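>>> predicted model, plus sequence, below.
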Amino acid sequence: MFTNKKHFTIAIIGALVALAIIALVLSLVKTEDVNLPPTVKYGMVFDAGSSHTSLFVYKWDSDKENDTGVVSQTLSCDVQGQGISSYANDPPKAGDSLRECLDKALKVVPAAKQRDVPTYLGATAGMRLLREQNSSAADQVLAEVAKTMREYPMAFKGAHILTGEEEGAYGWITINYLLDSFTKYSPKAHTWVRPEAANIFGALDLGGASTQISFVPEGSMINWNEASKFTLYGYNYSIYTHSYLCYGQNEMVKRLAKELIVESSSSTRVDHPCYPKDYNETVSLSSFRTSPCTNQSDPRLTLGDRNVTLEGRGNASGCLAAIKKLFNFSACGQSQDCTFDGVYQPPVRGQFI
């Protein structure tokens with residue numbers, strides 16, 4: 001399908017934006033959930049990330065290719081406001097925030113099919129952190145989301161917090177699906193076929209609160225029972241995937257700010273090598289208590305409630321050195337099958353998106 005650089009670039013952008021939503025449809029929707037009599041079927045998925053939520057509506061022909069649907073996107077709708085985890089102190093607003101997109105979705109799905117449309121909400125690292133910090137608040141947010149979605153004429157299948165491994169694996173499926181790695185339409189055969197030289201890509205997903213790596217290892221893993229296994233379009237795949245909680249962009253920015261402040265001891269003005277020169281930002285030390293990623297006891301500093309001004313220096317080498325301190329590379333010892341923080345990982349292979 002992708003015969004030139006432009007098309008390839010579009011596919012990459014689509015893969016990054018999709019964030020495993022197609023994968024949720026392909027992997028979670030059971031056959032009995034979509035037994036609609038007409039040819040075209042629909043599915044809805046909310047991607048509830050740490051910084052924002054999006055709704056995607058998909059459709060596919062009822063005739064599957066080797067027991068897996070060939071899916072196309074019908075609607076994408078960005079929910080106004082922040083991620084649903086931001087409503088921990090007012091859970092009903094989490095449900096209300098979804099209404100505008102739900103109303104738009106009902107306009108693109110034929111009325112006769114709406115009550116049979118499987119609908120899911122998958123929450124990622126923002127809700128994983130909230131659950132770790134306040135499990136009852138996380139449950140209340142999900143309950144309010146479910147309450148709102150049940151008010152609409154659709155086959156609501158649940159609102160769940162995905163594990164980091166699920167998030168990584170679904171991202172891997174999404175990227176390879178969009179790049180025609182699993183199946184490709186053959187005009188000559190008038191059907192979908194597996195590419196003769198299928199190029200399976202690895203997936204790197206940098207989110208707001210976590211980051212994931214997923215790929216098909218070369219050779220053997222220490223424990224294949226830990227692999228994520230899928231059957232897609234008649235072929236079996238076993239992939240390595242790991243999610244690093246607190247290593248997403250937003251949480252890393254917070255962790256870096258805290259580390260710089262800790263190193264400066266009691267100073268109220270702190271140099272920030274990663275911020276542009278002459279850019280200043282004032283933060284309250286109490287804000288570090290809002291995330292498990294930064295709300296950890298540190299003998300070097302009693303946070304208190306004082307304000308600190310971070311002053312940008314635009315120092316690239318200093319920025320790199322400061323960020324490296326957030327990774328524990330020594331935890332791996334002499335092991336070659338290890339990344340950082342003592343996490344096992346087989347050697348990477350192939351190209352990554």
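In hand now; what should we look at?
>>> gap between the two ends of stretch 328-340?
5 Å (Cα to Cα, to the nearest Å).
>>> list the buried residues in it.
Within stretch 328-340, the residues that qualify as buried are Cys332, Thr339, Phe340, counting by 16 or more other Cβ atoms under 10 Å. In this view, the C-beta of every residue, glycine as well, is placed from N, C-alpha and C.
>>> how about residues contacting it?
The contact list for stretch 328-340 (Cβ atoms under 8 Å, 6 or more residues apart in numbering) reads Ile222, His242, Phe327, Asp341, Gly342, Tyr344, Gln345, Pro346, Pro347.
>>> related to what we said a few turns ago, could the buried residues of stretch 328-340 go into a markdown table alongside pLDDT, distance to Tyr247 and secondary structure?
Shown next, in a markdown table, are these (pLDDT from 0 to 100; distance: Cβ to Cβ, whole Å; DSSP: H, G, I helix; E, B strand; the rest coil):
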| residue | pLDDT | distance to Tyr247 | secondary structure |
| --- | --- | --- | --- |
| Cys332 | 91 | 16 | helix |
| Thr339 | 92 | 11 | coil |
| Phe340 | 94 | 9 | coil |
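>>> of those, closest to Glu281?
Glu281 has its nearest neighbour among the buried residues of stretch 328-340 in Phe340, at 27.3 Å by Cβ to Cβ.
>>> could you find the closest non-adjacent residue to the closest one?
Nearest residue to Phe340 in three dimensions, chain neighbours excluded: Phe327, at 4.5 Å (Cβ to Cβ, 6 or more residues apart in numbering).
>>> partner strands of the helix or strand encompassing Glu311, with direction?
Element membership for Glu311 (DSSP states H and E) is strand 307-312. Strand 307-312 sits in its sheet next to strand 269-272 (parallel), strand 280-284 (antiparallel), going by DSSP bridges.
>>> gap between that strand and the chain center?
Strand 307-312 sits 30 Å away from the centroid of its parent chain (Cα atoms, centre = their mean, to the nearest Å).
>>> how close does Phe182 sit to Lys147?
With distances taken as Cβ to Cβ, to the nearest Å, Phe182 is found 36 Å from Lys147.
>>> tell me which of the two has more neighbours.
Phe182 (25 against 14; other Cβ atoms under 10 Å).
>>> I'd say that one and Gly234 touch.
No - applying Cβ atoms under 8 Å, one finds Phe182 not in contact with Gly234, separated by 9.6 Å.
>>> need the overlap of contacts for the two.
Shared contacts of Phe182 and Gly234, defined by Cβ under 8 Å, 6+ apart, are found at Thr68, Arg194.
>>> stretch 69-87: how far from the chain's middle?
Distance, centroid of stretch 69-87 to centroid of chain: 12 Å (Cα atoms, centre = their mean).
>>> what's the span of it, first residue to last?
So stretch 69-87: terminal residues 35 Å apart, Cα to Cα.
>>> follow-up on the earlier one: ok, then the element right after the strand holding Glu311?
Following strand 307-312 in sequence order, the next helix or strand is helix 316-324 (DSSP H and E).
>>> give me the contact list for that next one.
Applying Cβ under 8 Å, 6+ apart, the contact partners of helix 316-324 are Met252, Leu256, Glu259, Leu260, Pro273, Cys274.
>>> ok, stretch 257-271 next?
Contacts of stretch 257-271 (Cβ under 8 Å, 6+ apart): 272, 283, 285, 288, 294, 298, 300-301, 306-311, 313, 322, 325-326.
>>> and it, what's buried?
For stretch 257-271, the neighbour count (16+ other Cβ under 10 Å) marks Ala257, Lys258, Glu259, Leu260, Ile261, Val270, Asp271 as buried.
>>> got the CA coordinates for that stretch in CSV?
Extracted C-alpha coordinates of stretch 257-271, given in CSV (Å, rounded to 0.1, in the frame of the first residue of the first chain):
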residue,chain,number,x,y,z
ALA,A,257,12.5,19.2,38.3
LYS,A,258,12.4,17.5,41.7
GLU,A,259,16.0,16.1,41.3
LEU,A,260,17.3,19.5,40.3
ILE,A,261,15.7,21.1,43.3
VAL,A,262,16.9,18.4,45.7
GLU,A,263,20.5,19.0,44.5
SER,A,264,20.2,22.7,45.1
SER,A,265,19.1,22.1,48.7
SER,A,266,17.3,25.1,50.1
SER,A,267,17.7,27.5,47.1
THR,A,268,14.6,29.2,45.8
ARG,A,269,16.1,29.7,42.3
VAL,A,270,17.4,26.7,40.5
ASP,A,271,19.2,26.4,37.1
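>>> report the rounded mean pLDDT for that stretch.
On average, the pLDDT along stretch 257-271 is 88.
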